[in-house]
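J.: take this sequence and fold it.
(one chain, ligands or ions: 3)
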Amino acid sequence: MKVINTIAALKSLLEPIKLGQQKIALVPTMGALHKGHVSLIKIAQQHADVVVCSIFVNPTQFTDPKDLEKYPRPLEHDMQMLLAAGCDVVFMPSVKEMYPEQEEWHIDLGPAEFLLEGEFRRGHYQGVTQIVNKLFNAVNPDVAFFGQKDFQQVLMIENMVAYFKLPVQIISCPIIREDDGLAMSSRNIHLTAEDREHALVLSAALNYVKDHFNDLSIPVLLENAKDMISAIPGVELDYFTIANGKTLLPETDKNQPDLVALVAAKVGQTRLIDNMLLN
Ligand SMILES: Nc1ncnc2c1ncn2[C@@H]1O[C@H](COP(=O)(O)OP(=O)(O)OP(=O)(O)O)[C@@H](O)[C@H]1O
Ligand SMILES: CC(C)(CO)[C@@H](O)C(=O)[O-]
Ligand code: BAL
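T.: Residues are numbered from 1 along each chain as shown. Ligands and ions are numbered 1, 2, ... in the order given. Here you go, the predicted structure:
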């Protein structure tokens, strides 16, 4: 496994591979790796000859400075996970390498940018697309892998790819969960034992909606799911919605295709998101 810190070194490693017609996959991450990240690498290996995993805690996508400051950075552990997963190249640039100078970034990501996560983390998807575009320029991947856990992120990246007409295929990969249902997330590390217990209500409420989808109306499903969550102490709901998976607009007609339930809540001091496809 090669560990690379600069764009120039990365390009000189990857350009001959690309010229040799080998397929390159990119798995962008912010580190603090878990089985969710490993699953992306494993899926990437099935689609490409060379898998590049980037680790970069991107400052421009953080809307809360405390969240950025306390974002976990367990480097040794991450290297071991990547070695065990059989990753070929790790790209781990510094902030200076990715942002050598002040720069403006604003692209049209469509109206869904301002919904859900975009409403609670204003400007978040401009920062995400800014760094993903830089990573795509540095790696020039044929295909890139993202987790469905960050459902809206996948849509925003697809919109960015369409905006610039980039020749990169985007693949959304299933959510990996703990045995008790909690979606794996780097931020789970911040949960106290009590928070960890309380956080289970998020996946439980999503499962409730999925299990009762055929029997109850959408307004009733939403009311019951929100009641489940508000019954748990220390869980502060930002949103629980059933939406069209392409527009992210709320949906009340169960016969529409592509429905997804999405939730975000603060559990103790930690903000978590999760979602589930419904049909
Ligand atoms: N449980 C999971 N299952 C599948 N993919 C996941 C999971 N968790 C994260 N990913 C994906 O891994 C990639 C990198 O995510 P990231 O490094 O931000 O980890 P994370 O666990 O989402 O951290 P956090 O949500 O705390 O920022 C993203 O595409 C993300 O959607
Ligand atoms: C895609 C990403 C690596 C961009 O910083 C980040 O948003 C993440 O880890 O999901
Ligand atoms: N996993 C999405 C990146 C973020 O929360 O900033």
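J.: C-alpha from now on. contacts and neighbour counts both.
T.: Fine.
J.: give me the residues contacting the one helix or strand Asp227 maps to.
T.: Asp227 belongs to helix 218-230 when elements are defined using DSSP states H and E. Surrounding helix 218-230, the residues in contact under the criterion Cα atoms under 8 Å, 6 or more residues apart in numbering are 201-202, 205-206, 208-209, 212-213, 235-237, 240-242, 251-254.
J.: next: stretch 26-46.
T.: Contacts of stretch 26-46 (Cα under 8 Å, 6+ apart): 25, 51-58, 72-75, 77-78, 81-82, 85, 87, 132, 135, 139, 141, 143-147, 173, 175-177, 184-186.
J.: and these, which are buried?
T.: 25, 51-58, 72-73, 78, 81-82, 85, 87, 132, 135, 139, 141, 143-147, 173, 175-176, 184-186 (16 or more other Cα atoms under 10 Å).
J.: where's Leu40, which helix or strand?
T.: Counting by DSSP H and E, Leu40 is found in helix 35-47.
J.: now do the same for that helix: mean pLDDT, whole number.
T.: Helix 35-47 shows a mean pLDDT of 98.
J.: elements contacting the helix or strand just after it?
T.: Sequence-wise, the next helix or strand downstream of helix 35-47 (DSSP H and E) is strand 50-55. Under the contact definition 3 or more Cα pairs under 8 Å, 6 or more residues apart in numbering; DSSP states H and E, strand 50-55 sits against strand 24-29, helix 35-47, strand 89-91.
J.: of all those, which one is nearest ligand 2?
T.: For ligand 2, the closest of the helices and strands packed on strand 50-55 is strand 24-29, at 3.7 Å, according to Cα to the nearest ligand atom.
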